[in-house]
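**Q** Provided below for reference: sequence and predicted model.
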Amino acid sequence: IHSIDAAGALDMLVTYAKWESDYSREELSKLLTCVKTVVHMEDFQVSQIVEVQGWEQREKQIRLHTVYDRKEGIHKL
């Protein structure tokens, strides 16, 4: 999946699933909380790793925890 970051990849998955289903975007996003880890690559290098930590009901979005971000200097591996 092409995206600018790991969170964008999850959003693209929701978009692709929406094309073929009658679920709402919110329902599809909730279903994607079964994904545990998303790795984003840029220029053939790992640029970001996030862990999916569940659904944020108030914000109506997937809750993510950044484990690694090359640009931001985050390294919690």
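**A** That came in fine, so what should we check first?

**Q** and the longest strand seen in the chain, how far from the chain's centre?
**A** Assignment by DSSP state E gives strand 45-56 as the longest strand of the chain. Counting by C-alpha atoms, centre = their mean, to the nearest Å, strand 45-56 is centred 6 Å from the centre of its parent chain.

**Q** Tell me where the longest helix sits in this protein.
**A** In the chain, with assignment by DSSP state H, the single longest helix is helix 6-19.

**Q** Tell me how far that helix lies from the chain's centre.
**A** Using C-alpha atoms, centre = their mean, the offset of helix 6-19 from its chain centre is 8 Å.

**Q** Now do the helix or strand following it, average pLDDT.
**A** Counting by DSSP states H and E, the next helix or strand C-terminal to helix 6-19 is helix 25-31. If you average the pLDDT over helix 25-31, you get 96.

**Q** which helices and strands sit right next to the helix or strand just after helix 25-31?
**A** Using DSSP H and E, the next helix or strand after helix 25-31 towards the C-terminus is strand 37-42. Contacts defined by 3 or more C-beta pairs under 8 Å, 6 or more residues apart in numbering; DSSP states H and E place strand 37-42 against helix 6-19, strand 45-56. In short, each C-beta sits where N, CA and C put it, glycine included.

**Q** Format these as JSON lines; extra columns: mean pLDDT, mean neighbour count and distance to residue 37.
**A** What follows is the helices and strands packed on strand 37-42, written out as JSON lines (pLDDT from 0 to 100; neighbours: other C-beta atoms under 10 Å; distance: least, C-beta to C-beta, whole Å):
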{"stretch": "helix 6-19", "mean pLDDT": "96", "mean neighbour count": "16", "distance to residue 37": "9"}
{"stretch": "strand 45-56", "mean pLDDT": "97", "mean neighbour count": "16", "distance to residue 37": "6"}
